[in-house]
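> Need coordinates for the following:
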Amino acid sequence: MPRYFFHLHNDIEILDEEGRECADLDIARRAAFSEAREMAARSVREGHLKLSHSISVTDSAGETVVIATFGDAVRIEA
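Down below sits the predicted model:
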């Protein structure tokens, strides 16, 4: 099973050194966007939100395969 690494690019950068196995890229993409929504919600509870913060997913070769920005992870309505 492929291993993907989920790196947080927030007020600080946290690199995922262990990664996790996902059956395919689509599952890794869904996980990244789900985590981005959770992180965005946490930021809102703390009173701020930067839509450009993101989670980038790399494959075992170190290639970026997904970028899930907080802004892309949620639908913003007026």
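> ok, which stretches of the chain are helices?
Ranges of helices in the chain, per DSSP state H, are 25-45, 70-73.
> tell me the contacts of the residue positioned nearest the centre of the chain?
Geometric centre of the chain, nearest residue: residue 55, 2.6 Å, by C-alpha atoms, centre = their mean. Residue 55 makes contact with 6, 7, 8, 9, 32, 35, 36, 39, 66, 67, 68 under the criterion C-beta atoms under 8 Å, 6 or more residues apart in numbering. Just so you know, the C-beta spots here come from the backbone N, C-alpha and C atoms, and that holds for glycine as well.
> Which residue is the nearest non-sequential neighbour of the fifth one?
To tie it back to what came earlier, the one meant is residue 32. Computed as C-beta to C-beta, 6 or more residues apart in numbering, the closest residue to residue 32 that is not its neighbour in sequence is residue 68, at 4.0 Å.
> count of neighbours near the one you found?
24 (other C-beta atoms under 10 Å).
> need the contact list for it.
Each residue near residue 68 by C-beta under 8 Å, 6+ apart is listed here: 29, 32, 33, 35, 36, 54, 55, 56, 57.
> how does it look with 6 Å?
32, 33, 36, 54, 55 (C-beta atoms under 6 Å, 6 or more residues apart in numbering).
> Show me where the chain dips below the pLDDT cut-off.
For the chain, no stretch has pLDDT under 70.
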